[in-house]
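1. Predicted model follows, preceded by the sequence.
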Amino acid sequence: MAATDLPGPRAAPPWRVRLDAFWRWWTGELRAFVYERFPVLRGVADVPLVAFEGEQLVLLDAPPAVGADARIELAGLDLPRVRLALQALLRRAGETRGRVRLCLGPGEALVRRAAMPAATEENLAQVLAFEMDRLTPFRAEDVYFDFRVVARDAAAGQIVLQLAVARRDLVDPRVQRLRELGASVQGVLVRDAHGAGALPLDLLPSEQRGQRETARERLVQRSLVGAVAVLLALALLIPAWQKRQTIIALQPLLARAQREASSTNAIADSMQRQVEDYNFIVGRKQSLYPVLAYVEEVSRLLPDTTWLQQMQIRSTGKVREVEITGETTSSSKLIEILSRSALLKNPTPRGTMTRGSTPNSERFMIQAEAPPRPLPEPVPILSSSAPAASRPPPQAQPAARRPPANGAAASSAAQAKPTPAAKPAPASAPTHAAQPAFGPPREAPDHAPQPAFGPPREAPAGTAPKAVK
C-alpha cells in the first residue's frame with residue numbers, strides 16, 4: 001500500500017472541540033481564581049527564579065524586600081559561603097525551604113510554533129518525541145522539551161502549539177551546580193516563554209524535580225482534602241437523612257389517612273349500592289308506561305271504524321313492543337295515525353291483509369315499539385325538604401268571668417255578715433301567690449278565683465274584699 005493511501009487523522013466532532021475549549025477555559029479561570037485567593041496553593045508558581053549570567057547567580061523578578069542586592073558572585077567565594085549567600089538571598093525573597101527554578105536565556109533554548117493534527121492532541125508528547133528531528137535540529141534523547149497549545153482550528157482539524165527545546169548538555173550542568181549549592185530545583189523555564197500563558201513551559205522532567213513540600217505540608221494537604229471530602233459527604237447525606245426522618249414521621253399519618261380514606265370509600269360504595277338497590281324498583285316502575293296508558297292512547301288514536309280484537313304488550317330484550325290486531329275499513333291509514341303517537345314509535349304492519357268478517361273491512365296486525373318513559377331528575381337526599389315543624393297547639397283562652405247577678409247586694413251582705421274568727425289555713429293551700437323569677441313581686445289575690453261557668457265563689461274566711469272605688 002502506498003503512503004498516499006493511508007487514511008489521515010480523523011478530526012474530532014465540532015461539539016467535542018467546543019466542549020474541550022469550554023472545559024479548558026473554565027478550569028483556567030477557576031485555577032486563576034483559586035491561586036489569587038489562596039496563594040499557598042500555587043505550589044511552584046511562587047518559587048524564586050534564578051539564572052546564571054557568567055560567574056554570577058542572579059535572582060530574577062526579585063521582590064522589593066531583596067532590593068538591588070540580588071546577585072551572588074560565584075568566582076570569588078568558596079562553596080560554603082556561596083551556600084550561605086544563596087540561602088540568605090532566598091530567605092529575603094520569602095523562600096525558606098531552598099527551592100528555586102532555573103531560567104534559561106533567549107539563546108540557550110529554542111522556542112517555536114508548530115502545527116499538528118487535532119487527532120494527536122491526546123498523545124501529543126509522544127508524537128512530538130517522534131517528530132523532534134523534523135521540528136528541530138536535535139534528537140529527542142538529546143533535549144528537554146515542553147509544549148503548550150495556543151490555538152485550535154476545528155475547520156482544518158489542526159492545533160497550533162508552542163514548543164520549547166533545550167539541550168541536555170546545557171541544562172544538566174546548571175541543575176547539578178544548583179543542587180551542589182544546596183538548592184532544590186523545581187523546574188527549568190525559558191525566559192521568552194515565561195509568563196506567556198497560565199502554565200509556564202517547564203523543560204525539566206517531573207522525575208528530576210526536587211521535593212516540593214515537606215511531610216508536614218503533605219499531611220496538612222491530605223487533612224484538608226479529607227475534611228473537604230467529609231464536609232461534602234455530610235452536605236450530601238444530611239438532607240437525605242432529614243428527608244428520610246420526615247418520611248418516617250409521616251408514615252403513621254399517611255397510614256391513618258389511608259385507613260380513613262378506605263373507610264370513607266367503603267361507606268360511599270355501600271351508600272351507592274343502597275341507592276342503586278332503592279332506585280332499581282322505582283326506576284323500573286317509572287321507566288315504563290302503565291298498560292292502561294297504551295290502551296288509552298290506542299283508543300284515542302284509532303278511528304271509530306276500527307275494532308280491536310287483540311292487544312299484546314311484551315318485552316323482547318331491551319325493547320318493549322305493542323302488537324294490535326283487529327279490523328278496519330282502511331289498514332293503510334292506521335300506520336300514519338299511529339306515527340303521531342307520543343307513546344308508540346316505528347309502527348309497521350305484520351302479516352298479510354285479509355278481508356274482515358264485515359263487508360268493506362280488512363284484518364290488520366300492526367307492531368310498534370314502546371320506548372321507555374324518560375326518568376325525572378334525581379333529587380339528592382340531603383336537598384329534600386324537611387317536614388314542616390308542628391306548631392304548638394293554641395292555648396285555651398280563659399273564659400270571661402261572669403259577674404255576679406247582684407253585685408251590690410252581695411257586697412252589702414258580705415259587709416253586714418259578721419266575720420268569724422280566723423281559722424288556720426290548711427297545709428296544702430298556698431299562703432301567697434308564686435313570685436316571678438324577674439320583675440316586681442306579685443301581690444296576693446284578694447279573693448278566690450272565679451270559675452268560668454257556674455255561680456261565683458265566696459271569698460275565703462279571714463279575708464275581706466276590697467272596696468270598689
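-> Sure thing, it's come through. Numbers count the residues shown, from 1 in each chain.
2. chain center to the helix ranked longest in the chain: distance?
-> What stands out as the longest helix in the chain, according to DSSP state H, is helix 215-286. Its chain's C-alpha centre and that of helix 215-286 lie 13 Å apart, by Cα atoms, centre = their mean, to the nearest Å.
3. Just the residues contacting the helix or strand following it, thanks.
-> Going down the chain from helix 215-286, the next helix or strand is helix 291-301, by DSSP states H and E. Outside helix 291-301, the residues within contact range by Cβ atoms under 8 Å, 6 or more residues apart in numbering are 308, 311, 313, 322, 324, 337-338, 340-344, 370. C-beta coordinates here come from the backbone N, C-alpha and C atoms, glycine included.
4. try it again with 6 Å
-> Helix 291-301 is touched from outside by 313, 322, 337, 341, 343, with contacts defined as Cβ atoms under 6 Å, 6 or more residues apart in numbering.
5. For it, buried residues please.
-> 294, 297-298, 301 (16 or more other Cβ atoms under 10 Å).
6. Does anything pack onto the longest helix of the chain? Which helices or strands?
-> For helix 215-286, not one helix or strand is in contact under the criterion 3 or more Cβ pairs under 6 Å, 6 or more residues apart in numbering; DSSP states H and E.
7. just to revisit the earlier point, hmm, which two among the buried residues of helix 291-301 are most spread apart?
-> 294 and 301 (10.7 Å; Cβ to Cβ).
8. what about the residue most central in space within the chain, distance to residue 71?
-> In the chain, the centroid-proximal residue (Cα atoms, centre = their mean) is residue 243; its distance is 14.5 Å. With distances taken as Cβ to Cβ, to the nearest Å, residue 243 is found 66 Å from residue 71.
9. cool, and residue 59?
-> In terms of Cβ to Cβ, residue 59 sits 7 Å off from residue 71.
10. Looking at these two, which one has more neighbours?
-> residue 59 (22 against 14; other Cβ atoms under 10 Å).
11. Which strand residues bridge that one?
-> residue 50 (DSSP bridges).
12. Quick check: it touching residue 69?
-> No: the criterion here is Cβ atoms under 6 Å, and residue 59 misses it with residue 69 at 9.3 Å.
13. Is the residue lying closest to residue 308 once chain neighbours are set aside in a helix, a strand, or coil?
-> Setting aside the residues directly before and after it, residue 308 is nearest to residue 326 in space (Cβ to Cβ, 6 or more residues apart in numbering), at 4.0 Å. Under the three-state scheme (DSSP: H, G, I helix; E, B strand; the rest coil), residue 326 adopts strand.
14. Next, find the distance separating residue 326 from residue 145.
-> Counting by Cβ to Cβ, the gap from residue 326 to residue 145 is 122 Å.
15. Helices along the protein, start to end?
-> So, for the chain - with DSSP H - the helices run 14-37, 79-92, 124-130, 132-135, 168-180, 215-286, 291-301, 332-339, 407-416.
16. Just put the ones you listed in TSV and tack on distance to residue 186.
-> Shown next, in TSV, are these (distance: least, Cβ to Cβ, whole Å):
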stretch	distance to residue 186
helix 14-37	16
helix 79-92	12
helix 124-130	20
helix 132-135	25
helix 168-180	10
helix 215-286	14
helix 291-301	113
helix 332-339	112
helix 407-416	143
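17. Relative to residue 107, which of these is closest?
-> Going by Cβ to Cβ, the one of these nearest residue 107 is helix 168-180, 10.3 Å.
18. Are there helices or strands packed against the closest one, and which ones?
-> strand 184-190.
19. name the helices or strands packed onto the strand it packs on?
-> Strand 184-190 packs on strand 99-104, helix 168-180, going by 3+ Cβ pairs under 6 Å, 6+ apart.
20. Most tightly packed of the ones you listed?
-> With neighbours defined as mean count of other Cβ atoms under 10 Å, the helices and strands packed on strand 184-190 peak in mean count at strand 99-104, which reaches a mean of 23.
21. Which residues does that strand contact?
-> With Cβ under 6 Å, 6+ apart, strand 99-104 has contacts from 47-51, 60, 166, 174, 183-184, 186-191.
22. and residue 261, how many residues sit next to it?
-> Neighbour tally, residue 261, other Cβ under 10 Å: 10.
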